[in-house]
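Chemist: Sequence first, then the predicted structure, then my questions.
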Amino acid sequence: MTNVALARFNMVEQQVRPWDVLDPQVLELMESMPREAFVPQAYQNVAYADIDIPIGHGEVMLAPKYVGRMLQALNLHKGDVALEVGCGTGYITALLAKACRDVYGVDIHQDFVDTAAKNLAALDLNNITLETGDASHGWDAHAPYDVVFISGSLPVLPETFQKSLNRGGRLVAIVGDTPVMEAVLITRIGINEWSQETLFETDIKSLENATKPQRFVF
């Protein structure tokens, strides 16, 4: 086993699995995906560390344990059509593409989209469409979706995201204000009915132009 393969194996066994990520599909996805291929050159030595890795514009690659937990909650299927908001360098996009039929990745930063496209092309993944735009309030261009993964945080989750799901569709997002935010799983269970489950607490930068909660002024 090479040093990189060993680092990836240890990431799964020592960071992801202890976080109650036991879905064999997710563990295999993360153990087979070369995370180092998506990490900026300056951070190559911590590609498999238990940290959020800066990628520019104040954004980060989420720590592996968060990614694993959110992917597991999505219960991915081969026929799924997935949307990722905030594709960054393309790591989560690639994981989704390995498990789903079609993936649409959107980012507000053109340089992220260009970097993600280059990284993904090197892995020969051909079921991904990358687009540049502001998806902080939803991205209905290819709706309805079976899966939505929002990679930045949102102070308030716009209803447009929930309404863009197929019945039975699943969405994961990190919602709330710093310093305490919650990763949530939302599942559409009817025409106007959704269930919500809290996965874990964290604190990451919000998507640009995200809706801010209304504050009461006395």
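Modeler: It's in.
Chemist: Show me which positions of the longest strand seen in the chain end up buried.
Modeler: Counting residues, the longest strand found in the chain (DSSP state E) is strand 165-177. Across strand 165-177, burial judged by 16 or more other C-beta atoms under 10 Å covers 165, 169-176. Where you see a C-beta, it was placed from the backbone N, CA and C, and this is true even at glycine.
Chemist: For stretch 102-111, buried residues please.
Modeler: 102-109.
Chemist: Put the alpha carbons of stretch 97-117 into CSV.
Modeler: The C-alpha coordinates for stretch 97-117 follow below in CSV (Å, rounded to 0.1, in the frame of the first residue of the first chain):
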residue,chain,number,x,y,z
ALA,A,97,-20.8,11.3,-9.5
LYS,A,98,-19.5,7.8,-8.5
ALA,A,99,-22.7,7.0,-6.8
CYS,A,100,-25.4,8.8,-8.8
ARG,A,101,-26.6,8.9,-12.4
ASP,A,102,-26.2,12.7,-13.1
VAL,A,103,-24.6,15.4,-11.0
TYR,A,104,-25.0,19.2,-11.5
GLY,A,105,-22.4,21.2,-9.7
VAL,A,106,-22.8,25.0,-9.3
ASP,A,107,-20.4,27.6,-7.8
ILE,A,108,-20.5,31.4,-7.8
HIS,A,109,-16.7,31.6,-8.4
GLN,A,110,-15.6,30.9,-12.0
ASP,A,111,-12.1,29.9,-10.9
PHE,A,112,-13.6,27.2,-8.6
VAL,A,113,-15.6,25.9,-11.5
ASP,A,114,-12.5,25.9,-13.8
THR,A,115,-10.5,24.1,-11.1
ALA,A,116,-13.2,21.5,-10.4
ALA,A,117,-13.6,20.9,-14.2
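Chemist: on that earlier part again, what's the longest strand of the chain in contact with?
Modeler: Strand 165-177 is contacted from outside by 70, 73-75, 144-150, 152-157, 161-162, 181-191, 194, 199, 202, 204, 213, using C-beta atoms under 8 Å, 6 or more residues apart in numbering.
Chemist: Now for residue 195, how many residues are close by?
Modeler: By the criterion of other C-beta atoms under 10 Å, residue 195 has 11 neighbours.
Chemist: ok, and for the strand or helix carrying it, which residues are buried?
Modeler: When elements are assigned from DSSP states H and E, residue 195 belongs to strand 193-202. By neighbour count on 16+ other C-beta under 10 Å, the buried set for strand 193-202 is 199-200, 202.
Chemist: how about those residues in JSON lines, adding pLDDT?
Modeler: Output for those, formatted as JSON lines (pLDDT from 0 to 100):
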{"residue": "199", "pLDDT": "97"}
{"residue": "200", "pLDDT": "95"}
{"residue": "202", "pLDDT": "90"}
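Chemist: export those to a markdown table and tack on distance to residue 58?
Modeler: Putting the buried residues of strand 193-202 into a markdown table (distance: C-beta to C-beta, whole Å) gives the following:
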| residue | distance to residue 58 |
| --- | --- |
| 199 | 24 |
| 200 | 22 |
| 202 | 16 |
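Chemist: which of those lies closest to residue 89?
Modeler: residue 202 (19.2 Å; C-beta to C-beta).
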